[in-house]
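Undergrad: Could you work out the structure for the sequence below:
(one chain, ligands or ions: 2)
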Amino acid sequence: MAEKGHVMIMEHPLIQHKISMLRDKRTGTNEFRKLVEEIAAMMGYEALRDLPVEEMEIETPIEVCRTPFIAGKKLALVPVLRAGLGMVSGLLTLVPSARVGHVGLYRDPVTHEPHEYYCKLPEAIGERTILILDPMLATGGSAVAAVDFVKRQGGHNIKFLCIIAAPEGLKRLTGAHPDIDVYCGHLDRCLNERAYICPGLGDAGDRIFGTK
Ligand code: PRP
Ligand code: URA
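TA: Numbering: from 1, shown residues only. Ligands and ions are numbered 1, 2, ... in the order given. Have a look, this model is predicted:
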């Protein structure tokens, strides 16, 4: 995925196995959180495949050599509150020095439109690779609003990571923001009349935080 604007659906059996465990309604909060963290780390590994590197000189116990290190500003993780928070720790295991911003959005239960309540991004956002994190891409309203916000603040090198996407949301996001890369753990069948993903996993925020 060297050029921007690609969609990648994860096919790795480990990711698919863990998503199946997430879907199971018997999976409790503790295990659910752990699975979200593990899936996020595996997706992050793929999404960061094109991070720029630069060669620097170091000395091994054997000899001096030039060897690659990650180049440029530290990347920014931007979870969409609340459920995106569950993905942050998994990505920090890969990149412990990443900066973390937040986009606070909740979906109106009747209109399903997103409402913004708290947004803050790391400084120099325009110089960073930005990973927007949200386990669920349903109607796509929240994802489009999150990317709109990041772009208004000057971000442009944007990747959106979701664990489960509905076709409706994926279409809306790629239509509104054809220049970003989108990584989905699994593409599900459709939305139901309450705009929940089918078969999905239910309300991701409630399952991660044990609310409801
Ligand atoms: C969920 C989810 C997404 C959004 C997806 O959040 O985490 O942000 O719904 O739906 P959409 O694609 O139709 O916008 P929710 O608004 O339920 O808030 P929460 O994470 O605080 O529970
Ligand atoms: N948000 C969720 O948490 N789950 C869905 O299925 C849709 C939106």
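Undergrad: give me the number of residues near the closest residue to residue 75 other than its chain neighbours?
TA: Leaving aside its sequence neighbours, residue 75 sits nearest to residue 129 (Cβ to Cβ, 6 or more residues apart in numbering; 4.4 Å). The C-beta positions use only the backbone N, C-alpha and C, and glycine is treated the same way. Residues contacting residue 129 under the criterion other Cβ atoms under 10 Å number 22.
Undergrad: who's in contact with residue 129?
TA: By Cβ atoms under 8 Å, 6 or more residues apart in numbering, the contact list for residue 129 reads 48, 51, 72, 75, 76, 157, 159.
Undergrad: Now the closest residue to residue 41 other than its chain neighbours, what are its backbone angles?
TA: Closest residue to residue 41 apart from its sequence neighbours, by Cβ to Cβ, 6+ apart: residue 90 at 3.8 Å. Dihedral angles of residue 90 (phi, psi; degrees, to the nearest 10) stand at phi -60, psi -40.
Undergrad: neighbours around whatever residue of the chain ends up closest to ligand 1, how many?
TA: Per Cβ to the nearest ligand atom, residue 205 is where the chain lies closest to ligand 1, at 2.5 Å. Using other Cβ under 10 Å, residue 205 has 21 other residues around it.
Undergrad: From residue 127, how far off is it?
TA: 31 Å (Cβ to Cβ, to the nearest Å).
Undergrad: Please apply the same query to residue 148.
TA: Taking Cβ to Cβ, one finds residue 148 at 20 Å from residue 127.
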